[in-house]
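> Have a look at this prediction, sequence included:
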Amino acid sequence: MNVFAFVGARALAALRGWGHAAFFVLELLAAVPAALRRFSLVVVQIHAIGNRSLLIIMASGLAVGFVLALQMYYALVTYGAAESLGLIVNLSLVRELGPVVTALLFAGRAGTSLTAEIGLMKAGEQIAAMELMAIDPRSRVLAPRFIGGMISMPILAVLFSAVGILGAYVVAVLLIGVDAGNFWSIMQNQVDVWRDVGNGIVKSFVFGIVCTCVALYQGYETQATPEGVAYATTRTVVISSLAVLGLDFVLTALMFSTR
Amino acid sequence: MVKKSIETLVGVFVLLGIVGVVFLALKAANLGSFRASHGYELTARFDNIGGLKVRAPVRSAGVTVGRVTSIALDGKTFQGVVQMDIDQRFLFPKDTAAKILTAGLLGDQYVGLEPGGDDKNLAPGDTVAQTQSAVVLENLIGQFLTGRAADAGSPQAPTSASAAAPSPASAPAVK
């Protein structure tokens, strides 16, 4: 009997947690129009989330492009297909690595700072103070960050892919000596704007929404103690990363299944 | 002042994103290379189109002169109807032949146009009269095997030449 009670309690707790999170997201979405009317708040958040992540995203993109080009070259040159290197780097970046790696970095770089910021606001009773002053903390604090993350993430992912392709160009064409014309033309023949680039942007958009929601929820629901904020920050990274990897599989299966 | 500089930085960030999208679309994908100059339409009917796909290149003498725009099945003749968009700079004679060829041994399939010697050119919307279907590997292997079997049955069969050209060469040998 104890086992049943244990399983039941766990299931109910999990369900309660999901329901709580779902209501949080609904309230967040309801607060979005109010935040859009004060767009200057959103602009500040895009600066904090997007601009400040730019350097690490572009540096990572360049490094991924370098390494991918080098490894692919070693594999492809065996088959005399070194010219398809650009195509392979492009497709892997635009379809998968761009959105996913950017989202993982985004969770680590921007998600944690969102969680810590809001968690500390809560620990310092600032959110309670806002509510006392009849200011809705959702439309004033949460929604601008949500919109900021939603806008920043696709831009960062696109830049990651673009810089990665340029990095592959540097390694393949400038250093190794693959023919530049073939490098670009094979890429242009095989990569479709809507199917590959467009779906990649849709993916990064979804990941941006998920990562930002997780970060905001963890910050907003944190225990108002130093340990609580630390724990919430850790959970932001863990949950965001797992959600991104899981969703990526589902989205890939939906987008690229039929041909 | 601080507000202004933040707005400027965000503007730079967003513009950078737009530049990234344009780069991916034009330089790293097919938006730029395709439909640079609109051409005219030609139709060709094939008994078997093999693995030809929409947007496959149309080549003449190895040079890409157009793209396959649509592939459909004619319900009456059961032939594959292939529509092609040809660059308007290139006009082909009336007796041009269209073949479905393969780039390399295992590469993608494309339509090859071999111009004939006619004085008149194909007009937009015309149908290419002479076509040659795609080579289906299974049929080729089947022909090869039946050719071999026929050779094995006859005592003095020409050895390797008959294998490639099965029926005309091996039929007298069987008799």
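Done, it's in.
> Count the residues that sit near residue 87.
Assuming you mean chain A. The local packing of residue A:87 (other CB atoms under 10 Å in any protein chain shown) involves 22 other residues. All C-beta spots, glycine's among them, are computed from the backbone N, C-alpha and C.
> Chain B is the one I meant
Look at residue B:87: counted by other CB under 10 Å, it has 17 neighbours.
> Please tell me how far it sits from residue B:29.
Distance, residue B:87 to residue B:29, using CB to CB, to the nearest Å: 20 Å.
> which bits of chain B sit near chain A?
Residues of chain B lying near chain A by CB under 8 Å from any CB of the partner chain: B:3, B:6-7, B:9-10, B:12-14, B:16-17, B:19-21, B:23-25, B:27-33, B:57.
> Give me the buried entries from the residues you listed.
Listed as buried from those are B:6, B:9-10, B:13-14, B:16-17, B:20-21, B:23-25, B:27-31, B:33, B:57; burial here means 16 or more other CB atoms under 10 Å in any protein chain shown.
> how about the strands of chain B, start to end?
Listed in chain order, the strands of chain B (DSSP state E) span residues B:40-46, B:57-60, B:63-73, B:80-86, B:97-102, B:109-114, B:127-128, B:130-132.
> Pull out the buried residues from the longest one.
By 16+ other CB under 10 Å, the buried positions in strand B:63-73 come out as B:65, B:66, B:67, B:68, B:69.
> Pull up the pairing partners for it, direction included.
strand B:57-60 (antiparallel), strand B:80-86 (antiparallel) (DSSP bridges).
> JSON lines for the ones you listed, including mean pLDDT and distance to residue A:51?
Output for the strands paired with strand B:63-73, formatted as JSON lines (pLDDT from 0 to 100; distance: least, CB to CB, whole Å):
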{"stretch": "strand B:57-60", "mean pLDDT": "87", "distance to residue A:51": "42"}
{"stretch": "strand B:80-86", "mean pLDDT": "89", "distance to residue A:51": "43"}
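> Just want the most central residue of chain B.
The residue at the geometric middle of chain B, judged as the C-alpha nearest the mean C-alpha position with CA atoms, centre = their mean, is residue B:110 (1.9 Å).
> Let me see the confidence value for whichever residue of chain B sits closest to chain A.
Among all residues of chain B, residue B:17 sits closest to chain A, at 3.2 Å; criterion: CB to the nearest CB. At residue B:17 the predicted local distance difference test score is 93.
> That one contacts residue A:159, correct?
Yes. With contact defined as CB atoms under 8 Å, residue B:17 counts as touching residue A:159 (6.4 Å).
> Indicate the residue of the stretch 151-259 of chain A located nearest to chain B.
For the stretch 151-259 of chain A, CB to the nearest CB, closest residue to chain B: residue A:155, 3.2 Å.
> Name the residues of the helix or strand that residue falls within that are buried.
Residue A:155 is part of helix A:143-169 when elements are defined by DSSP states H and E. Counting neighbours by 16+ other CB under 10 Å, one finds that the buried residues in helix A:143-169 are A:143-169.
> Low-confidence ranges, chain A, go.
Along chain A, the model assigns pLDDT under 70 to residues A:258-259.
> any chance you could map the helices in it?
With helices called from DSSP state H, chain A shows them at A:2-37, A:39-49, A:54-77, A:85-91, A:98-106, A:112-123, A:126-132, A:137, A:143-169, A:180-190, A:199-220, A:226-255.
> Can you check what angle separates the second one from helix A:143-169?
For helix A:39-49 against helix A:143-169, the angle between stretch directions is 40 degrees (axes from the mean of the first three to the mean of the last three CA atoms, to 10 degrees).
> how about residue A:30, what does it touch?
When the contact criterion is CB atoms under 8 Å, 6 or more residues apart in numbering or on different chains, the partners of residue A:30 are residue A:138.
> Would you mind measuring from it to chain B?
25 Å (CB to the nearest CB, to the nearest Å).
> And residue A:144, by the same measure?
13 Å.
> Next, count neighbours for the closest residue to that residue other than its chain neighbours.
Here the nearest residue to residue A:144 in space, its sequence neighbours aside, is residue A:41; by CB to CB, 6 or more residues apart in numbering or on different chains that works out to 4.0 Å. Residues lying near residue A:41 (other CB under 10 Å) number 18.
> shouldn't residue A:41 be in contact with residue A:142?
No. Checked against CB under 8 Å, the pair residue A:41 and residue A:142 is beyond contact range at 10.8 Å.
> Contacts for whichever helix in chain B runs longest, please.
Ranked by residue count, the top helix of chain B under DSSP H comes out as helix B:2-22. Contacts made with helix B:2-22 from outside it, assessed by CB under 8 Å, 6+ apart, are listed as A:40, A:43-44, A:46-47, A:50-51, A:54, A:151-152, A:154-156, A:158-159, A:161-162, A:197, A:201.
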